[in-house]
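Asker: Here's a sequence, model it:
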Amino acid sequence: MAYFDAASGVPLHPVARQGLLASLDEGWADAGRLYREGRKARLLLDAAREAAAEVVGCRADEVVFTSSGTRAVHTGVAGALAGRRRVGRHLIVSSVEHSSVLHSAEVFEADGGTVTRVPVNRAGAVDPSAYEAALRPDTALACLQSANHEVGTVQPVAEVAEVCRAAGMPLLVDAAQSLGWGPVEGDWSLLTASAHKWGGPAGVGLLVVRKGARFAPQGPSDERESGRAPGFENIPAIVAAVASLRAVRAEAAQEALRLRELTERIRTRVPELVPDVEVVGEPERRLPGIVTFSCLYVDGEALLHELDREGFSVSSGSSCTSSTLAPSHVLKAMGVLSEGNVRVSLPPGTAEADVERFLEVLPGTVAAVRDKLGAPAPATAVREDVLVVDSLGKRCPIPVIELAKVFPTVPLGGLVRVLSDDEAARLDIPAWCEMRGQDYVGEERASKGSAYLVRRLT
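Answerer: Below you'll find the predicted structure:
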């Protein structure tokens with residue numbers, strides 16, 4: 001098997017395993033006690049905190065260990081908003097943030113706060129000027145990921161941080177995907193991360209609250225972790241997490257060069273090997289190991305199953321791989337094709353031979369999935385120059401397949417009206433038009449679902 005889903009979680013680093021085993025016998029006691037066992041545990045915890053601070057680039061007393069990266073985000077957002085409640089109840093986030101940030105924003109909205117969701121361009125990047133435009137007198141906090149977890153696009157954190165600093169507003173950075181590759185630049189105020197993203201054990205999160213940032217912990221607390229993360233610290237796991245972070249950072253520069261070459265190979269060759277593919281995400285400012293592409297006329301779930309049978313573990317943002325039947329909010333915000341989406345995220349140490357084997361297997365796998373999806377539904381004429389494709393009740397990617405099948409029969413300047421009640425069609429049909437150079441006229445209400453109008457230009 002070739003594990004190509006490092007953006008979800010990286011296998012345990014050997015240094016993390018060593019650190020975990022070595023600290024199990026010394027780090028089990030209560031670090032808040034004064035007896036011998038407690039002092040040993042405290043020494044381990046303090047050393048881990050200082051090492052983490054050195055890697056992040058902050059003070060040791062600004063570092064808080066939490067039970068997960070998600071908990072770090074929830075604690076950081078809630079605490080920063082509460083600390084600045086007198087300023088106001090307005091939050092700014094990007095439209096492509098991790099779900100943990102967006103869920104925090106939804107809770108804040110439900111409690112009476114207001115949220116501005118900053119859009120991104122087609123590569124998935126925000127414009128710092130959009131954050132500046134979103135600022136209001138009552139803005140309490142802004143959030144921005146350091147790099148996107150689905151397409152790898154690196155965000156202009158330093159520039160946005162400067163906008164926030166000039167306005168006297170804190171910026172929380174979700175650095176889960178990037179911290180293992182390097183420090184987060186800029187004058188940010190809060191930072192969160194998750195150990196399993198860089199090869200540490202799951203269940204360890206990192207929250208950094210810089211001095212001067214107003215912060216009011218929410219919910220019950222105790223004397224641990226500065227009152228910001230209650231509960232007994234898992235010291236062996238924390239030691240392992242920090243040890244692995246230091247190890248991967250020491251290897252990062254050399255490994256980044258190697259993985260960039262491999263992902264660039266995928267970005268270049270997939271469109272050559274597989275017809276009707278859109279490679280998405282920023283081509284230059286991106287993480288070393290992530291490459292994402294979408295295949296027209298492909299069921300994403302079927303494609304993932306077939307690749308799994310061939311020995312490749314990948315992930316997808318297609319709606320047909322989700323229980324909600326809604327496309328990835330990241331792909332939707334970018335306005336790119338979502339059907340047949342594949343995210344390849346290479347962990348450190350990925351063999352070149354595995355990437356070559358993936359490129360050999362992919363064309364046949366995509367072709368086989370496309371063949372299984374069958375012919376289009378018949379189209380009926382409602383006007384001389386309008387065809388109706390009835391795709392009601394059919395899920396991604398069938399509406400686009402049926403559109404493509406009838407399109408050659410449409411005269412130049414003619415219209416196709418695609419009826420669909422699949423949420424993904426709202427994204428995929430315009431994306432198909434963009435890829436094919438056709439005119440997406442727009443969306444209309446229909447008696448059931450929506451009607452999407454496409455005009456043939458070529």
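
Asker: need the helix or strand of the protein with the lowest average pLDDT.
Answerer: Across the helices and strands of the chain, mean pLDDT, DSSP states H and E gives its lowest value to strand 379-383, namely a mean of 44.

Asker: Quick check: what element follows the host helix or strand of residue 307 along the chain?
Answerer: Assessed by DSSP states H and E, residue 307 sits inside helix 300-309. For helix 300-309, the following helix or strand on the C-terminal side (DSSP H and E) is strand 312-313.

Asker: partner strands of that next one, parallel or antiparallel?
Answerer: Here strand 312-313 is paired, per DSSP bridges, with strand 2-3 (parallel).

Asker: Do me a favour and average the pLDDT over the strand it pairs with.
Answerer: Across strand 2-3, the average pLDDT comes to 96.

Asker: outside of the very next helix or strand once past that strand, which residues touch it?
Answerer: Using DSSP H and E, the next helix or strand after strand 2-3 towards the C-terminus is helix 14-24. For helix 14-24, the external contacting residues (C-beta atoms under 8 Å, 6 or more residues apart in numbering) are 44, 199-201, 235-237, 239-244, 246-247. For the C-beta atoms, the positions are set from N, CA and C on the backbone; glycine is no exception.

Asker: run the last query once more with 6 Å
Answerer: Residues outside helix 14-24 that contact it (C-beta atoms under 6 Å, 6 or more residues apart in numbering): 44, 199, 200, 236, 239, 240, 243, 244, 247.

Asker: of all those, which two lie farthest apart?
Answerer: Across those, no pair lies farther apart than 44 and 199, at 19.4 Å, counting by C-beta to C-beta.

Asker: Between these two, which is the more surrounded one?
Answerer: residue 199 (27 against 22; other C-beta atoms under 10 Å).

Asker: Pull up the gap between that one and residue 130, please.
Answerer: 34 Å (C-beta to C-beta, to the nearest Å).

Asker: can you tell me the helix or strand for residue 140?
Answerer: strand 139-145.

Asker: From the contact counts, what lies against that strand?
Answerer: helix 69-83, strand 90-94, strand 171-174 (3 or more C-beta pairs under 6 Å, 6 or more residues apart in numbering; DSSP states H and E).

Asker: One more pass at 7 Å, please.
Answerer: Applying 3 or more C-beta pairs under 7 Å, 6 or more residues apart in numbering; DSSP states H and E, we find strand 139-145 packed against helix 69-83, strand 90-94, helix 157-166, strand 171-174.

Asker: Figure out which of those is closest to residue 139.
Answerer: Of all those, strand 90-94 comes closest under C-beta to C-beta, at 4.5 Å.

Asker: And the next helix or strand past that closest one?
Answerer: Heading C-terminal from strand 90-94 (DSSP H and E), you reach helix 99-110.

Asker: Output the next helix or strand after that next one in PDB, but only the C-alpha positions, please.
Answerer: Next in sequence after helix 99-110, counting helices and strands by DSSP H and E, comes strand 114-118. Output of strand 114-118 as PDB, limited to C-alpha atoms (Å, rounded to 0.1, in the frame of the first residue of the first chain):
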ATOM      1  CA  THR A 114     -21.600  38.300  13.300                       C
ATOM      2  CA  VAL A 115     -19.200  36.700  10.900                       C
ATOM      3  CA  THR A 116     -17.600  37.900   7.700                       C
ATOM      4  CA  ARG A 117     -16.400  35.100   5.400                       C
ATOM      5  CA  VAL A 118     -13.700  36.400   3.100                       C
END
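
Asker: any idea how far residue 456 is from the nearest residue to residue 109 once chain neighbours are set aside?
Answerer: What sits nearest to residue 109 in space, not counting adjacent residues and going by C-beta to C-beta, 6 or more residues apart in numbering, is residue 115, at 5.3 Å. From residue 115 across to residue 456, the span is 40 Å (C-beta to C-beta).

Asker: if you count what's nearby, which of the two comes out ahead?
Answerer: residue 456 (19 against 16).

Asker: for that one, what are its contacts?
Answerer: 407, 410, 412, 413, 414, 438 (C-beta atoms under 7 Å, 6 or more residues apart in numbering).

Asker: Residue 191 belongs to a strand, doesn't it?
Answerer: Yes - counting by DSSP: H, G, I helix; E, B strand; the rest coil, residue 191 is found in a strand.

Asker: Surely it touches residue 184?
Answerer: Yes - with contact defined as C-beta atoms under 7 Å, residue 191 counts as touching residue 184 (6.2 Å).

Asker: Tell me which of the two has more neighbours.
Answerer: residue 191 (28 against 20).

Asker: So what pairs up with that one in the strands?
Answerer: According to DSSP bridges, beta-bridge pairing links residue 191 with residue 173, residue 208.

Asker: can you tell me which residues contact it?
Answerer: 56, 173, 175, 184, 208.

Asker: Let me know how buried residue 412 is, in neighbour terms.
Answerer: 8.

Asker: hang on, I meant residue 366
Answerer: 25.

Asker: buried ones in the helix or strand where it lies?
Answerer: Using DSSP H and E, residue 366 sits in helix 352-372. For helix 352-372, the neighbour count (16 or more other C-beta atoms under 10 Å) marks 354, 355, 358, 359, 361, 362, 365, 366, 369, 370 as buried.

Asker: Please report the distance of the residue lying closest to residue 359 once chain neighbours are set aside from residue 356.
Answerer: Nearest non-adjacent residue to residue 359, counting by C-beta to C-beta, 6+ apart: residue 269, 5.6 Å away. With distances taken as C-beta to C-beta, residue 269 is found 10 Å from residue 356.

Asker: just to revisit the earlier point, pick the one among the contacts of helix 14-24 closest to residue 108.
Answerer: Taking C-beta to C-beta as the measure, residue 108 lies nearest residue 200 of the contacts of helix 14-24, at 29.2 Å.

Asker: Could you count how many residues lie near the residue lying closest to the closest one once chain neighbours are set aside?
Answerer: Nearest residue to residue 200, sequence neighbours excluded (C-beta to C-beta, 6+ apart): residue 241, at 3.4 Å. Residue 241 has 30 neighbours, counted by other C-beta under 10 Å.

Asker: ok but residue 241 is inside a helix, no?
Answerer: Yes - Residue 241 forms part of a helix when assessed by three-state DSSP.

Asker: and the nearest residue to residue 7 once chain neighbours are set aside, what are its bridge partners?
Answerer: Closest residue to residue 7 apart from its sequence neighbours, by C-beta to C-beta, 6+ apart: residue 345 at 3.7 Å. Bridge pairing for residue 345 (DSSP bridges) gives the partners residue 5, residue 290.

Asker: what residues are up against residue 345?
Answerer: If you count contacts by C-beta under 7 Å, 6+ apart, then residue 345 has 4, 5, 6, 7, 289, 290 around it.

Asker: Need phi/psi at the fourth one.
Answerer: So that's residue 7. phi -70, psi -20 (degrees, to the nearest 10).
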